[in-house]
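> I would like the atomic coordinates for the input below:
(chains A and B)
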Protein chains: 2
Amino acid sequence: MRIMIIGGDGYLGWPTALHLSQRGHDVAIVDNMVRRSYDHELGAHSLTAISTIQERIAAWQAVSGRHIELFIGDLCDYTFFEPAFKSFAPDAVVHFGEQRSAPYSMIDRRHAIYTQTNNVVGNLNVLYAIAEHAPDCHLVKLGTMGEYGTPNIDIEEGYITITHNGRTDTLPYPKQPGSFYHLSKVHDSHNIMFACRIWGIRATDLNQGVVYGIETPETMADPRLITRFDYDAVFGTALNRFMVQAVCDMPLTVYGKGGQTRGFLDIRDTLACVELALLSPAERGEFRVFNQFTEQFNVLQLAEMVRDTARNMGINTFIHHLDNPRVEKEEHYYNAKHSKLIDLGLQPHKLSDTLIHSVMRVVYDLRHQVRPSLILPSVQWRTTHSQVQATPAASSNGRHQ
Amino acid sequence: MRIMIIGGDGYLGWPTALHLSQRGHDVAIVDNMVRRSYDHELGAHSLTAISTIQERIAAWQAVSGRHIELFIGDLCDYTFFEPAFKSFAPDAVVHFGEQRSAPYSMIDRRHAIYTQTNNVVGNLNVLYAIAEHAPDCHLVKLGTMGEYGTPNIDIEEGYITITHNGRTDTLPYPKQPGSFYHLSKVHDSHNIMFACRIWGIRATDLNQGVVYGIETPETMADPRLITRFDYDAVFGTALNRFMVQAVCDMPLTVYGKGGQTRGFLDIRDTLACVELALLSPAERGEFRVFNQFTEQFNVLQLAEMVRDTARNMGINTFIHHLDNPRVEKEEHYYNAKHSKLIDLGLQPHKLSDTLIHSVMRVVYDLRHQVRPSLILPSVQWRTTHSQVQATPAASSNGRHQ
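Numbering: from 1, shown residues only, chains lettered A, B, ... in the order given. Prediction:
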């Protein structure tokens, strides 16, 4: 299958490209390297030393003998994207190419507008390219479980059947996203559903949970193939931040009570899910939604798991509750369905002490690279303007803030 | 009350400005005149001869002795909008300032992206300006009944209480909009709801039906105060097109079967609804949704009403069914609630033969200004690129197409 991976230089896009290339698919990456620019803006970095996209692709060629095609440019620029799409002529597009951080979208007005226009316009360009040039092409779009928010009823996969005043219909599941980033994904979902309806596009929206883990079989084949590991307050996940805090003798900082429950999955399961979706494409005109996660945890549980694993490694750490910089429920019902990918054959890797331990080993070896000032929350949901640029002074004081 | 009307040069924005000025409010208009530019692009025009915004405001001053402040610029340009907002310091913002045509948004990729970025970014700028400079300011936002689409259950006002697997929650009503324009309004609604939650903004989303009528007490005070009347396929409503077709001896062109049912209201009720919302503002942090229409009709019923009224005027016309350029259900259940504005005191003007007759009288007097080539549908939902520019050749042939 000819598969175009938009955002193929990112944390998940890159391992996905390798995974699909390894399985014998013809893979092209489209990326504008903007994820690396966010780091420059924020004074942040991947804790793992990632190679340039050119080095990555050359290393993969050397290791596997397989070629990955590369298109460097901005998806929002149709004069770049349209010819790239036409020349590669994909059977499927995997679309990771969006600004993916909730805090980044909440920095200020400019970042909110950047996030929504970048994500919505880029996604519209994908829809138009498919409709105009490859109407049979299957779009596999990365959404987020955060589109649903935390309703007080079970979360279904994309749709819910409602009986109301004696009549019944199956309608898009109501969305209550919690940041301008999450909102951009809701906007995308509505746009894609409509494009499927009017143009007969086939699309799968993967409402993904929080992904953890660094290594996949392909990225482990050569040090130059390693993917990103983000631990800063803007792009890092809570689990990543806890692991970094533990190995750096910092308290594990939980936002508020820590009862915020979310869906999680192993990076290897992300690759498997994308592949399963590709191998069983949506029908023409179908807008299919999968909830892509394997387990639910709340933030405090994650902190406790990291604390306990750290103890087994001889590291004593403790949990510290911070005022929550976000506006979100800290205690709530959460039960999200996630059976459709299992039905397609997904065999989940559950989060275990072993996995946490193995990631913490990697993090421990890199602990001297950690910049502590990056970890504590810098973006406040309740204000319209947060200061995020790390300063050298903040950096040296960060550990004790 | 100090009221800023964004889009105050448009079909409804202008009469709303006059109405509120007449009631003694301090009114400012923000507009970039882009509605007039769309006409230049499409070779279209308002059948009524509208004055420039400067002439309009001067005429209103002459007629009423009341001053309307004017800020000409683009809402999407915060370096223009922020100082305008700060200098006027509104107690309420009425936001009409969006690209409002479904067909315009469906012309091609460029128009789809323009519509969504223009509407979403402009609305985000309003939200940030309120949060940053006037957190107590009440936002009255024009949405559309088209956000809901045509579900097979009753449409509620913004929210629906769902019991599912033994649990109950009240959630945003699921949205199934039918064009990239309608989608932009859905995006806005989600963004506003979130801004209310995190910043405590007070907002009322007026999910408005299709508005008909030309005259209000204020616009009738002077010919220079008249508002727009659009009859072209891109910006005109079905009812307006039917009336123009009737007086021009053209068949009334119904899209498909004509069973498409929508909510409608009189232009005078629009003004009353906006005023009622302003006088009973939403609470801090409340995202309030009103369905703003008074009656339901389907397209064929409208055509029949125009045909019958025309006969009474001595004009014989007939109904012609066209292939539907849109993708929409042509026979469907439709029952939308609309009691909240009635509860606030709205006294509806129902659509009657008298109203149709009075509008058709105006249209009849202007029939020699009609450009027939503008009326038949030019934008096809099923393609990604429609040709809309009227040519002189098309213009001369249009009557017999």
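> residues touching the residue in the stretch 251-400 of chain A that chain B sits nearest to, list them.
Among all residues of the stretch 251-400 of chain A, residue A:327 sits closest to chain B, at 4.5 Å; criterion: Cβ to the nearest Cβ. In this view, the C-beta of every residue, glycine as well, is placed from N, C-alpha and C. Contacts were defined as Cβ atoms under 8 Å, 6 or more residues apart in numbering or on different chains; by that measure residue A:327 touches A:178, A:381, A:382, B:197, B:198.
> residue ranges with poor pLDDT in chain A?
Residues of chain A that meet the criterion pLDDT under 70 lie in A:390-401.
> Do you have the helices of it handy? List them.
Chain-ordered helices for chain A, with DSSP state H as the definition, fall at A:13-22, A:34-42, A:53-64, A:78-88, A:102-105, A:109-133, A:180-199, A:238-247, A:267-279, A:299-312, A:340-343, A:353-365, A:392-397.
> could those helices be laid out in JSON lines, adding distance to residue B:119?
Supplementary listing: the helices of chain A in JSON lines, determined by distance: least, Cβ to Cβ, whole Å:
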{"stretch": "helix A:13-22", "distance to residue B:119": "30"}
{"stretch": "helix A:34-42", "distance to residue B:119": "24"}
{"stretch": "helix A:53-64", "distance to residue B:119": "35"}
{"stretch": "helix A:78-88", "distance to residue B:119": "20"}
{"stretch": "helix A:102-105", "distance to residue B:119": "18"}
{"stretch": "helix A:109-133", "distance to residue B:119": "11"}
{"stretch": "helix A:180-199", "distance to residue B:119": "11"}
{"stretch": "helix A:238-247", "distance to residue B:119": "34"}
{"stretch": "helix A:267-279", "distance to residue B:119": "31"}
{"stretch": "helix A:299-312", "distance to residue B:119": "35"}
{"stretch": "helix A:340-343", "distance to residue B:119": "33"}
{"stretch": "helix A:353-365", "distance to residue B:119": "43"}
{"stretch": "helix A:392-397", "distance to residue B:119": "38"}
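> Can I get stretch A:161-171 in CSV, CA atoms only?
Extracted in CSV, the C-alpha atoms of stretch A:161-171 (Å, rounded to 0.1, in the frame of the first residue of the first chain):
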residue,chain,number,x,y,z
THR,A,161,-28.0,6.3,19.9
ILE,A,162,-30.4,8.6,21.6
THR,A,163,-34.1,8.0,22.3
HIS,A,164,-35.8,11.3,23.0
ASN,A,165,-39.6,12.1,23.2
GLY,A,166,-40.4,8.7,21.7
ARG,A,167,-38.1,8.8,18.7
THR,A,168,-34.6,7.4,18.2
ASP,A,169,-31.6,8.4,16.2
THR,A,170,-27.9,7.7,16.2
LEU,A,171,-26.0,11.0,16.3
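> Leaving out chain neighbours, which residue sits closest to residue A:366?
residue A:47 (5.2 Å; Cβ to Cβ, 6 or more residues apart in numbering or on different chains).
> Next, count neighbours for the one you found.
Applying other Cβ atoms under 10 Å in any protein chain shown, we find 24 residues neighbouring residue A:47.
> do the same with residue A:244
As a burial measure, the neighbour count of residue A:244 was computed by other Cβ under 10 Å and equals 29.
> which one is it nearest to, not counting chain neighbours?
Once flanking residues are discounted, residue A:244 sits nearest to residue A:231: 4.2 Å by Cβ to Cβ, 6+ apart.
> if I pick the closest residue to residue A:315 other than its chain neighbours, what's in contact with it?
Here the nearest residue to residue A:315 in space, its sequence neighbours aside, is residue A:246; by Cβ to Cβ, 6+ apart that works out to 5.7 Å. Remark: with contacts taken as Cβ under 8 Å, 6+ apart, residue A:246 is in contact with A:252, A:306, A:307, A:309, A:310, A:315, A:317, A:360.
> distance of residue A:246 from residue A:257?
Using Cβ to Cβ, to the nearest Å, we find residue A:246 at a distance of 20 Å from residue A:257.
> now residue A:194
Distance of residue A:194 to residue A:257, computed by Cβ to Cβ: 39 Å.
> of the two, who's got more company?
In this view residue A:194 and residue A:257 are compared by other Cβ under 10 Å, and residue A:194 has more residues nearby, 24 against 14.
> What is the burial count for the residue lying closest to the more buried one once chain neighbours are set aside?
For residue A:194, the nearest residue in space outside its immediate sequence neighbours is residue B:183; the separation is 6.0 Å by Cβ to Cβ, 6+ apart. Using other Cβ under 10 Å, residue B:183 is surrounded by 30 other residues.
> I'd say residue B:183 and residue B:116 touch.
Yes. Contact criterion Cβ atoms under 8 Å: residue B:183 and residue B:116 qualify, at 6.9 Å.
> list the residues that contact both of those two?
The overlap between the contact sets of residue B:183 and residue B:116 (Cβ under 8 Å, 6+ apart) consists of A:187, A:191.
> Spell out which parts of the stretch 251-400 of chain A neighbour chain B.
Residues of the stretch 251-400 of chain A lying near chain B by Cβ under 8 Å from any Cβ of the partner chain: A:327, A:333, A:381, A:382, A:384, A:385.
> Now for the residues you listed: which two are most distant?
Taking Cβ to Cβ as the measure, those reach their widest spread between A:333 and A:385, a distance of 33.4 Å.
> distance between stretch A:120-133 and the chain's centre?
From the chain centre to the centre of stretch A:120-133 is a distance of 21 Å (Cα atoms, centre = their mean, to the nearest Å).
> buried ones in it?
Neighbour counts using 16 or more other Cβ atoms under 10 Å in any protein chain shown place A:120-132 of stretch A:120-133 among the buried residues.
> would a markdown table of the residues you listed with distance to chain B be doable?
A markdown table is the format used below for the buried residues of stretch A:120-133 (distance: Cβ to the nearest Cβ, whole Å):
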| residue | distance to chain B |
| --- | --- |
| A:120 | 6 |
| A:121 | 5 |
| A:122 | 10 |
| A:123 | 10 |
| A:124 | 6 |
| A:125 | 7 |
| A:126 | 11 |
| A:127 | 9 |
| A:128 | 4 |
| A:129 | 9 |
| A:130 | 10 |
| A:131 | 5 |
| A:132 | 5 |
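> Surely the residue nearest to residue A:244 and residue A:374 touch.
Yes. Look at residue A:231 against residue A:374 with Cβ under 8 Å: they come within range, at 7.0 Å.
> Just the CA trace of stretch A:370-378, in PDB.
Presented in PDB, the C-alpha positions along stretch A:370-378 are these (Å, rounded to 0.1, in the frame of the first residue of the first chain):
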ATOM      1  CA  VAL A 370      17.200  17.400  32.000                       C
ATOM      2  CA  ARG A 371      16.400  21.100  32.200                       C
ATOM      3  CA  PRO A 372      14.400  21.300  35.400                       C
ATOM      4  CA  SER A 373      12.900  24.700  34.700                       C
ATOM      5  CA  LEU A 374      10.900  23.100  31.900                       C
ATOM      6  CA  ILE A 375       8.800  20.800  34.000                       C
ATOM      7  CA  LEU A 376       6.600  22.900  36.200                       C
ATOM      8  CA  PRO A 377       3.400  24.300  34.600                       C
ATOM      9  CA  SER A 378       3.800  27.600  32.800                       C
END
